[in-house]
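*Asks:* When you get a sec, could you give me coordinates for this:
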Amino acid sequence: MGVAALALAGTVVVPAQAAPSAPEKLSISVKIDPPSSPSARAVSCRVSHVVYNRFESCAVGDATVTLLRNGRPVGNAKFKITNRMTLQHKKLKWSEATAISKATLVNASGIRASLAVSCAGKCKATSNFPVGRTLGSSAINGSVGYTSGVQKNKHDATTAKYTFTFTKPGFTPGVISYTSLKFRCDDTFWNRANTARILSPGCVFPSFTSTMTTMQSLPGISQNIRNVQSRGRKLGVPGGAVIRREAKEAKIQANRNAVCPSSQRPPRPGLSCDEYPFASTLEGGTNVPANSRGTAWVPVDEQRKQGGRIQTFHKKERILHGDGFWVKV
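*Replies:* Numbering: from 1, shown residues only. Modelled structure (predicted):
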């Protein structure tokens with residue numbers, strides 16, 4: 001009996017050890033609903049849209065930052081991000097207002113935001129967005145400055161890339177990137193001798209289709225345009241098929257000679273041959289079927305005014321070779 005007691009007393013019982021628990025994984029995920037892209041002459045910011053004209057754009061997206069613990073949501077912040085860019089017609093330096101709205105927070109205090117912006121080609125971007133501001137009851141407003149180094153007789157098109165980073169102590173940061181509407185800068189408006197600028201370099205959103213309206217006050221020319229636009233491919237009718245600028249002088253003259261040759265005589269003095277589509281377009285001359293083009297005899301004075309108005313339109317809207325536009329009469 002004593003031996004048995006001794007043996008029991010000498011037995012060491014070790015309790016089972018619990019496996020060490022895995023450290024919690026804290027992370028942040030970010031989502032922004034991509035805006036769609038309508039266009040409008042007057043730019044007014046709209047949620048979930050990119051609204052733009054030739055020189056302005058405004059993109060507003062709904063964003064959500066979600067806090068995760070071991071992959072499961074434990075809180076979130078919801079807000080809007082606005083990017084409003086204003087290009088300069090006759091400058092290679094422009095700016096953009098960038099803002100994060102007030103945020104709706106659910107167990108998500110202490111989230112900080114930062115922004116980095118870049119652009120390619122000849123473009124350089126400098127972000128002046130506040131660093132490390134906290135999402136919450138106040139909007140976060142900042143700006144981005146841009147410059148382009150486009151060279152003489154050249155153009156350069158690119159987009160801005162925005163990278164937002166959201167941080168919270170103890171959490172792996174969340175990052176999201178998206179791009180702006182494509183913008184284009186050029187220094188292509190020079191005289192025929194290529195010795196002097198006729199327009200300072202500047203920038204546009206080339207995907208916006210501009211509309212020429214200055215032919216409306218020229219009765220004979222506008223009637224010819226209406227006649228041609230009513231048939232065939234209805235070229236240049238706003239909202240339909242565009243006509244595109246031809247910038248090469250030799251080709252412009254060839255287009256004109258093809259439909260309004262100098263050997264052709266007007267039915268009476270004081271009239272001039274007018275063609276549509278314009279000779280200064282890729283569709284000019286005989287480059288489109290006969291049912292989509294036409295000529296008419298119009299007063300010489302109207303013809304003289306037309307040329308200047310077309311050139312003014314090209315400069316005002318920075319219409320480059322191959323750019324499409326509409327003609328409203």
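
*Asks:* Name the residues that touch the longest helix along the chain?
*Replies:* Criterion DSSP state H: the longest helix present in the chain is helix 300-316. With C-beta atoms under 8 Å, 6 or more residues apart in numbering as the test, helix 300-316 has contacts from 89, 189, 198-199, 210, 212, 214-215, 218-221, 245, 270-272, 274, 278, 280, 319, 325. Every residue, glycine included, has its C-beta placed from N, CA and C.

*Asks:* In strands, which of those residues fall?
*Replies:* Within these, residues falling in strands by DSSP state E are 210, 212, 271-272, 274, 325.

*Asks:* Closest one to Gly145 out of those residues, please.
*Replies:* The closest of these to Gly145 turns out to be Ser210 (C-beta to C-beta; 26.3 Å).

*Asks:* And the pLDDT at Cys45?
*Replies:* What the model reports for Cys45 is a pLDDT of 81.

*Asks:* can you tell me which residues contact the closest residue to it other than its chain neighbours?
*Replies:* Nearest non-adjacent residue to Cys45, counting by C-beta to C-beta, 6 or more residues apart in numbering: Cys58, 4.1 Å away. Cys58 is in contact with 43-46, 50-52, 82-85, counting by C-beta under 8 Å, 6+ apart.

*Asks:* Wasn't Cys58 part of a helix?
*Replies:* No. Using DSSP: H, G, I helix; E, B strand; the rest coil, the secondary structure at Cys58 is strand, not a helix.

*Asks:* What distance do you get for it to Leu181?
*Replies:* 10 Å (C-beta to C-beta, to the nearest Å).

*Asks:* Now do the shared contacts for those two.
*Replies:* In contact with both Cys58 and Leu181: 50, 52, 85, using C-beta under 8 Å, 6+ apart.

*Asks:* you'd agree Gly294 is up against Asn227?
*Replies:* Yes. If you go by C-beta atoms under 8 Å, Gly294 and Asn227 touch, sitting 5.9 Å apart.

*Asks:* how about the residue nearest in space to the middle of the chain, what does it touch?
*Replies:* Nearest to the mean C-alpha position of the chain, counting by C-alpha atoms, centre = their mean, stands Leu181 at 2.2 Å. Leu181 makes contacts with 37, 50, 52, 57, 59, 85, 159, 205, 207, as judged by C-beta under 8 Å, 6+ apart.

*Asks:* again, but for Arg318
*Replies:* Contact partners of Arg318, counting by C-beta under 8 Å, 6+ apart, are 54, 89, 186, 189, 199, 202-204.

*Asks:* Buried only: go through these for me.
*Replies:* Among those, those classed as buried by 16 or more other C-beta atoms under 10 Å are 54, 89, 186, 189, 199, 202-204.

*Asks:* Specify which member of those is nearest to Asn128.
*Replies:* Looking across the buried ones among the contacts of Arg318 and measuring by C-beta to C-beta, the closest to Asn128 is Cys203, at 19.2 Å.

*Asks:* May I have the secondary structure class of the closest one?
*Replies:* strand.

*Asks:* so what's it up against?
*Replies:* Counting by C-beta under 8 Å, 6+ apart, Cys203 has contacts 55, 87-89, 91-92, 94, 148, 183-186, 318.

*Asks:* Who wins on neighbours among these?
*Replies:* Cys185 (28 neighbours; other C-beta atoms under 10 Å).

*Asks:* Would you map the strands across the stretch 101-250 of the chain?
*Replies:* For the stretch 101-250 of the chain, the strands defined by DSSP state E, counting those that start in this stretch cover 104-106, 112-119, 123-127, 133-134, 140-148, 155-158, 160-167, 174-179, 183-186, 202-204, 210-212, 243-244.

*Asks:* Val30 is nearest to which of those?
*Replies:* strand 174-179 (4.1 Å).

*Asks:* Now do that closest one against strand 160-167, angle only.
*Replies:* 170 degrees (axes from the mean of the first three to the mean of the last three C-alpha atoms, to 10 degrees).

*Asks:* Pull out the buried positions in strand 174-179.
*Replies:* Result for strand 174-179 [16+ other C-beta under 10 Å]: buried residues 174, 176, 178.

*Asks:* ok, now how distant is the first one from Lys80?
*Replies:* In other words, Gly174. 17 Å.

*Asks:* next one: the second one
*Replies:* Here Ile176 is placed at a distance of 14 Å from Lys80 (C-beta to C-beta).
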